[in-house]
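Novice: Just the structure for this:
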Amino acid sequence: MDKFSGQMSAVKFLYPAIEPFDRRMLDVGDGHTVYVEQSGNEKGQPVIVLHGGPGGGCSPAMRRYFDPRKYRIILFDQRGCGRSKPHASVENNTTWHLVADIERIRDALGISDWIVFGGSWGATLALVYAQNHAQHVRHLVLRGVFTMTKAELTWFYGGGAGRFWPETWARFQDLIPECERADMIAAYNRRLFSGERAEEIRYAKAWSAWENALATIQSTGQGGDSPADYARAFARLENHYFMKGGFLGQDGYIYENMDKISHVPGVIVQGRYDMICPPDAAYRLSKLWPAADLKIIPVAGHALSEPGISAELVKIMDRLTVRA
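Specialist: Numbers count the residues shown, from 1 in each chain. Okay, here's the model as predicted:
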């Protein structure tokens, strides 16, 4: 989950926009190449940023949480989205492929260990990566935690969040015949992968609008009109992953494997009024993770661009460079 939302240029506590010193397309096999960029200080503390979705893509604004004099900032577009190729492809595209890609990036850049920074689906991916490669994780910084459980998917696509936003939920639900509404993820899947591009785009825009409408605490319930190519990649990839439970093999995989990272220091930043990924997942995670701190932001929703969330993340990243 997590479509980057909000205008960041006026947020004064963020670092100034910087240009990458390195951009590359990395062949990760299986017919995929992923876009990778580095900015900041080439000799600085490495941090990899994992974007949301699946399918969201990275944004220049994501560089602005890190002091460019102290951090070596690594962003990449996960398989099928952003500048990675092939666009919107779900072939050979699973959580395990993405975990392997992160390791390929680390190896290609000659990094021994790094801070892993991710929000929403990016937090899911960060946790799964860390649980399988803890030796390469110096610190985890997570925001808007999503743990890819049936309960979380049911909340957002089964009408839970819709009880708070009935008019917005109605727009999302009314595109589906009543006889199919018991499983909205499957109903949208049939249309997002119909093979008819116009139909795929129509339903992709509706899928993206439903999520984007609930991202910020100041939302009016209007999700906007995403560009067709972006919406199609975002919706198809998200739906592909959600249909398969993130390819994790069991419900609650992340919770069952928290012992593997119990020693890894971390911070969880969570909006109190996050409608997309409610705080109970972050709270549950924190209780299984003795080395982590949970920071609940009192007046904030889900988006990375929420002022309270952004301010806390910058503060955390500044503090980590002091400790290094």
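
Novice: bridging residues for R72?
Specialist: Beta-bridge partners for R72, by DSSP bridges, are G40, P46.

Novice: Check it and give its pLDDT.
Specialist: At R72, the model reports a pLDDT of 98.

Novice: same question, G224
Specialist: pLDDT, G224: 81.

Novice: Run through the residues that contact it.
Specialist: A209, N212, A213 (CB atoms under 8 Å, 6 or more residues apart in numbering). (C-beta placed from N, C-alpha, C; glycine too.)

Novice: Any regions of the stretch 1-150 of the chain where pLDDT drops low?
Specialist: Applying pLDDT under 70 to the stretch 1-150 of the chain flags the ranges 2-11.

Novice: does D293 really touch V269, like I thought?
Specialist: No: using CB atoms under 8 Å, D293 is not in contact with V269, being 9.4 Å away.

Novice: quick one, which of those two is more surrounded?
Specialist: V269 (28 against 12; other CB atoms under 10 Å).

Novice: Who does the more buried one form a beta bridge with?
Specialist: Under DSSP bridges, the beta-bridge partners of V269 are R143, K295.

Novice: Identify the residues contacting it.
Specialist: V269 touches V141, L142, R143, G144, K295, I297, I309, E312, L313, I316, counting by CB under 8 Å, 6+ apart.

Novice: Quick check: the third one vs L248, distance?
Specialist: In other words, R143. The gap separating R143 from L248 is 20 Å, by CB to CB, to the nearest Å.

Novice: Give me the more crowded residue out of these two.
Specialist: Higher neighbour count among R143 and L248: R143, with 34 against 21, using other CB under 10 Å.

Novice: and that one, how far is that from D293?
Specialist: 13 Å.

Novice: which SS state does the residue nearest the centre of the chain fall under?
Specialist: The centroid of the chain falls nearest to G52 when counting by CA atoms, centre = their mean (1.8 Å). Look at G52: counting by DSSP: H, G, I helix; E, B strand; the rest coil, its state is coil.

Novice: what do you get for Y35?
Specialist: strand.

Novice: For it, the count of nearby residues, please.
Specialist: Counted with other CB under 10 Å, residues neighbouring Y35 total 19.

Novice: what do you get for the one 4 residues further on?
Specialist: Other residues near S39 number 21, with proximity taken as other CB under 10 Å.
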